[in-house]
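# Pasted the sequence and its predicted model underneath.
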Amino acid sequence: MTETHQRNQPSTLIKASPKSLHPLTGTKFSSWRKVVNRYGNQIPLRNWTRLFLLNGNSFVGSPIRWSESAWYRSRIKKLEPLSPILIFGHWRSGTTNFHNHMLQDPSYADISLLQCLIPSAYQCLNGFSRWVLKKRLPETRPMDAVPTGVDEPMSEDFALCNLTEFTHYHRYFFPASNEEIFRRTILFEDLSEEEIAQWHKTYDWLLRKVTVTSGGKRLVLKNPPNTGRLKHLVKYYPDAKFIHVYRNPYQVIASTIKLMTKFLKMFSFQDYDEATIEENVLKDYARLMQQYFKTEHLLPKENFIQIRHEDVVADGIGTFRRVYDELKLPDWEHAEPRLRKYVDSISDYQTNHYQFDDDFIERVNQHCQFAIDRWGYSVPNSAS
């Protein structure tokens, strides 16, 4: 499918109407209260009922979460320090595609959709939750044709929105505070050392719990907001492997606008102006990539690699052989046959295609030229 991106959308007020299957369904009561107190202004009266239902779910589910946490506590403490493989990059840069390729290696584990929705109780509620989700999940993700399912791999920030106040997912729920949430939860600006330590405690607990559930397998994680947190992640996980996936910024911006438009319609509790979506995406792209360029030198060279999404599409096997070689990942000879089979299985997959008019290209250049130049992408042909 080809879509044309033209000049900015006219000002259009969208009345928020969050769907029943909401990412906050499994949220902890303490986290829910902090988030609503901080960002819950400008919520129309019609959406407070939905918020209170989520609050009720959170409160009722507390005993189950306490029981499951107690069962895992001793097992989590026995684990050695983690050294996950962290895939990152701006949203819609090809991180999901890269993640799915890596997970063909059976020695790795991931965080699933079910574990993200109810991270504190996915074992206790496993059977019931699977029954509910199979009836209510769409076949594919809202922004593309990637399948969804209870066991499909997800970004760990999805789980964090049910565990802590420090997750970028809140931008989809409270768009009036988009900039504040972006700066606090992705760039960690204006956070105290205590708040950052609390974020890490929650993040590490999540990773360790999933590691126990997977039988001790090494985690391969894909999480775009980690692009802005590298200086903290390399400190907490010095033996981790870091993989940055990047893609043509013109395509990334257009696809991210589509993602934000879909997610706000599904999850927002606040009314919002559709014209602000593109503006926020452009500003956030510049903020994130500037932060990345400032901090990438902190990553150990032997544990860090950058991959062009276009190279994965053109030569998946060759690209991943390079990844295994440069990062010294084991068992390429066992991973390669599975990877070849997977590459063959997705050979007919159709990605979204975009055409751009002159005004859109100019706006992208104004915000993203530094990244376009650094990676050597050319200006696309105009559809004007």
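That came in fine, so what should we check first?

# Give me the distance between the two termini of stretch 241-253.
For stretch 241-253, the first-to-last residue distance is 27 Å (C-alpha to C-alpha, to the nearest Å).

# what are the phi and psi values for the closest residue to R218 other than its chain neighbours?
Residue nearest to R218 in three dimensions, not counting chain neighbours: Y108, with 5.7 Å by C-beta to C-beta, 6 or more residues apart in numbering. Where C-beta positions appear, they are placed from N, C-alpha and C, glycine not excepted. When quoted as degrees, to the nearest 10, the phi and psi of Y108 stand at phi -110, psi 160.

# Contact partners for Y108?
Contacts were defined as C-beta atoms under 8 Å, 6 or more residues apart in numbering; by that measure Y108 touches I85, M102, K217, R218, L219, V220.

# The first one: how many residues sit nearby?
As a burial measure, I85 scores 21 neighbours (other C-beta atoms under 10 Å).

# got the contact list for it?
Each residue near I85 by C-beta under 8 Å, 6+ apart is listed here: M102, Y108, R218, L219, V220, L221, A240, K241, I243, L327, L329.

# Could you single out the nearest of these to P175?
Of all the contacts of I85, P175 sits closest to L221, with 26.1 Å by C-beta to C-beta.

# Kindly confirm my reading that the closest one is in a helix.
No: when the secondary structure is assigned by DSSP: H, G, I helix; E, B strand; the rest coil, L221 falls in strand instead of a helix.

# so what pLDDT did the residue nearest to R218 get?
In the predicted model, Y108 carries a pLDDT score of 97.

# before we move on, what about N41?
In this model, N41 is scored at 82, pLDDT.

# in a strand, that's where it is, yeah?
No: secondary structure assignment (three-state DSSP) places N41 in coil, not in a strand.

# residues contacting the nearest residue to it once chain neighbours are set aside?
For N41, ignoring the flanking residues on the chain, the nearest one in space by C-beta to C-beta, 6+ apart is A176 at 7.0 Å. Counting by C-beta under 8 Å, 6+ apart, A176 touches Y39, N41, Q42, Q270, Y272.

# so where do the strands sit in the protein?
With strands called from DSSP state E, the chain shows them at 2-5, 13-14, 85-88, 108-109, 218-222, 241-246, 272-273, 304-308, 353-356.

# Need those strands in TSV (columns: distance to K341).
Compiled in TSV, these are given as follows (distance: least, C-beta to C-beta, whole Å):
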stretch	distance to K341
strand 2-5	30
strand 13-14	43
strand 85-88	21
strand 108-109	16
strand 218-222	18
strand 241-246	22
strand 272-273	43
strand 304-308	21
strand 353-356	27
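
# Count the residues that sit near S192.
Under the criterion other C-beta under 10 Å, the count of neighbours that S192 has is 9.

# Can you report phi and psi for it?
Torsion angles, degrees, to the nearest 10, at S192: phi -80, psi 160.

# hang on, the earlier thing: I'd like to know which of the contacts of Y108 is nearest to I181.
Here the nearest of the contacts of Y108 to I181, counting by C-beta to C-beta, is L219; it sits at 25.6 Å.

# Could you give the number of residues near the nearest residue to the closest one once chain neighbours are set aside?
Take L219 and drop its neighbours on the chain: the residue closest to it by C-beta to C-beta, 6+ apart is P84, 4.2 Å away. The tally of other residues near P84 (other C-beta under 10 Å) stands at 21.

# residues contacting P84?
Applying C-beta under 8 Å, 6+ apart, one finds that P84 lies in contact with L207, R218, L219, V220, L221, Y237, A240, K241.

# for Y39, same thing?
H170, F173, F174, A176, S177, E180, I181.

# Touching, the second one and F269? I think so.
So that's F173. Yes: A contact is recorded between F173 and F269 when judged using C-beta atoms under 8 Å, the distance being 5.5 Å.

# list residues touching both of those two?
When C-beta under 8 Å, 6+ apart defines a contact, the residues bordering F173 and F269 alike are P18.

# thinking again about what came up before, tell me the one of the contacts of A176 nearest Y72?
The nearest one, if we look at the contacts of A176 relative to Y72 and count by C-beta to C-beta, is Y39, at 29.8 Å.

# among the contacts of A176, which ones are buried?
For the contacts of A176, a burial check counting by 16 or more other C-beta atoms under 10 Å picks out Y39, Q270, Y272.
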